[in-house]
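Undergrad: Below: sequence and its predicted model.
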Amino acid sequence: MNEVEGIKRIKKLIDKAKAGEELVLGFFGGSITQGSLSSKPELCYAHRVFDWFKKEFPNAKFHYVNAGIGGTSSYFGVSRVYKDLLMYRPDFVIVDFSVNDEEAELFKETYEGLIRRIWYSDTEPAMLLLNNVYYDDGRTAEDIHLEVGKHYGIPNVSIKDTIYKRMLEGRYNRNDITPDGLHPNDLGHELLAKEITDKISEICGMDVPAGERDQGKEPVTANRFEDSIRYTIENSSPILLGFRADAREKEGHLDFFKNGWIATKEGDSIHFELSGARTIAIQYRKTINRPAPVALAVLDGCREKAVVLDSNFDEDWGDCLYLQPVLSENERKDHILDIEIVSASEADKNSFYLLSLIVS
């Protein structure tokens, strides 16, 4: 049984709940975790799992932390996990980035960095890995996520092997559970929650050998992202040449477009000096309010390899927290990054908004 440590942690969580302790339940992921297409927040899968704990263990006191942000991957997740989740000292965490991560080595590495930050955090939380799926074609990053999860012995819930499989067998029509082929409706969220609570109940009935406590396993990837830092106006002081710091107060983790830098005119620029970086990604807003400015990212003065940052979004579901990698190396080096507006006009309906740099 290669999930012994994860099973032990969940059984310990349940023992605490039975003893009437005060416990924090955390949910970390993308739009499905946030509750997309549930008719109200209380009907999303995360809140239903929270409600299940309250019903099953009425003598315990539970706190609910939903740190889902739609349209985001584990690359962003690993940089925000402390502020949005771990500072609340969770006793139990469900993680799901299986439909936002791509099935590529980069996301296997960012996902492992995220899992390690949670798994080895000081509260040693019980964890479940949730793997959702695109219902039209079965796409999911589940396989690379499971490689990571199995390495650390963390149990998982596969929607591809359960709800999606039953849909293919004709037990559900796709439109019964998801209007758009991805995000669950109320019934879909109910089914997700039941898979999770059934898994927890199954684990409660398992016998596991005592074994030794996990003292820290070597990573399965290069693990460059575990110590990622997200730089915003709160913790960095770049040189502003036309850009300005956004002075508005940020209200919660879903108040996305705050604590960044704003530019509106051609020639506006911002200059960062970064020490000991192996990876750098620029997080900026792609907006549906077009037209909008276009910028150029120049690393170490090399304009021949500059990366275009086009803030015009060609989707219609809303503004996007877009993440553009500009450096991926194995060796730590000092770097200079300049971002300059190269296209803007009075016809623009939105500004260029730089949310952060994510550096590891």
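TA: Nice, thanks for sending it over.
Undergrad: contacts and neighbour counts: CA atoms only from here.
TA: Noted.
Undergrad: Would you state the strands of the stretch 101-250 of the chain in chain order?
TA: Ranges of strands in the stretch 101-250 of the chain, per DSSP state E, counting those that start in this stretch, are 126-131, 156-158, 229-231, 239-241, 244-245.
Undergrad: and what of the stretch 251-360 of the chain?
TA: According to DSSP E, counting those that start in this stretch, the strands that the stretch 251-360 of the chain contains are 261-263, 269-286, 294-299, 307-310, 320-343, 352-359.
Undergrad: what's the most buried one of these?
TA: strand 352-359 (a mean of 24; mean count of other Cα atoms under 10 Å).
Undergrad: Contacts for that one next, please.
TA: With contact meaning Cα atoms under 8 Å, 6 or more residues apart in numbering, strand 352-359 is reached by 76, 79, 228-232, 257-264, 277-285, 292-295, 311, 321.
Undergrad: and the angle for it with strand 269-286?
TA: If you take axes from the mean of the first three to the mean of the last three Cα atoms, to 10 degrees, strand 352-359 sits at 100 degrees to strand 269-286.
Undergrad: what sits against the most centrally placed residue in the chain?
TA: By Cα atoms, centre = their mean, the chain has its centre lying nearest to residue 77, at 3.5 Å. Listed by Cα under 8 Å, 6+ apart, the contact set of residue 77 reads 29, 114.
Undergrad: go again using 10 Å as the cut-off
TA: Under the criterion of Cα atoms under 10 Å, 6 or more residues apart in numbering, the contact list for residue 77 reads 28-30, 67-69, 84, 95, 97, 110-111, 113-115, 228.
Undergrad: quick one: which of those residues is nearest to residue 144?
TA: residue 111 (8.9 Å; Cα to Cα).
Undergrad: Verify the contact between that closest one and residue 101 for me.
TA: Yes. The criterion here is Cα atoms under 10 Å, and residue 111 meets it with residue 101 at 8.4 Å.
Undergrad: Of these two, give the one with the bigger neighbour count.
TA: Higher neighbour count among residue 111 and residue 101: residue 111, with 31 against 24, using other Cα atoms under 10 Å.
Undergrad: In space, what's closest to that one - neighbours in sequence excluded?
TA: The spatially closest residue to residue 111, leaving aside those adjacent along the chain, is residue 74, at 5.3 Å (Cα to Cα, 6 or more residues apart in numbering).
Undergrad: Now do the same contact list for the one you found.
TA: Counted by Cα under 10 Å, 6+ apart, residue 74 has contacts 28-30, 80-81, 95-98, 100-102, 107-115, 225.
Undergrad: do residue 325 as well
TA: 75, 279-283, 307, 357-359.
Undergrad: quick check, the residue nearest to the centre of the chain in a helix?
TA: Yes. Applying DSSP: H, G, I helix; E, B strand; the rest coil, one finds residue 77 inside a helix.
Undergrad: In this structure residue 185 contacts residue 41, no?
TA: No. If you go by Cα under 10 Å, residue 185 and residue 41 don't touch, sitting 11.6 Å apart.
Undergrad: of those two, who's got more company?
TA: residue 185 (24 against 14).
Undergrad: any idea how far residue 322 is from the more buried one?
TA: Distance of residue 185 to residue 322, given as Cα to Cα, to the nearest Å: 26 Å.
Undergrad: overlap in contacts of residue 111 and residue 101?
TA: 73-75, 144-145.
Undergrad: hang on, the earlier thing: what residues are shared contacts of residue 185 and residue 41?
TA: In contact with both residue 185 and residue 41: residue 35, using Cα under 10 Å, 6+ apart.
Undergrad: how about the lengthiest helix in the chain as PDB, C-alpha atoms only?
TA: The residue-count maximum for a helix in the chain (DSSP state H) belongs to helix 186-204. Extracted in PDB, the C-alpha atoms of helix 186-204 (Å, rounded to 0.1, in the frame of the first residue of the first chain):
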ATOM      1  CA  ASP A 186     -25.400  21.800  -8.700                       C
ATOM      2  CA  LEU A 187     -25.800  18.100  -9.400                       C
ATOM      3  CA  GLY A 188     -22.300  17.800 -10.700                       C
ATOM      4  CA  HIS A 189     -20.900  19.500  -7.600                       C
ATOM      5  CA  GLU A 190     -23.000  17.100  -5.500                       C
ATOM      6  CA  LEU A 191     -21.500  14.100  -7.300                       C
ATOM      7  CA  LEU A 192     -18.000  15.500  -6.800                       C
ATOM      8  CA  ALA A 193     -18.600  16.000  -3.100                       C
ATOM      9  CA  LYS A 194     -19.900  12.400  -2.700                       C
ATOM     10  CA  GLU A 195     -16.800  11.000  -4.400                       C
ATOM     11  CA  ILE A 196     -14.700  12.800  -1.900                       C
ATOM     12  CA  THR A 197     -16.700  11.900   1.200                       C
ATOM     13  CA  ASP A 198     -17.000   8.300   0.100                       C
ATOM     14  CA  LYS A 199     -13.200   8.200  -0.200                       C
ATOM     15  CA  ILE A 200     -12.800   9.600   3.300                       C
ATOM     16  CA  SER A 201     -15.300   7.100   4.600                       C
ATOM     17  CA  GLU A 202     -13.400   4.300   2.800                       C
ATOM     18  CA  ILE A 203     -10.100   5.400   4.400                       C
ATOM     19  CA  CYS A 204     -11.700   5.500   7.800                       C
END
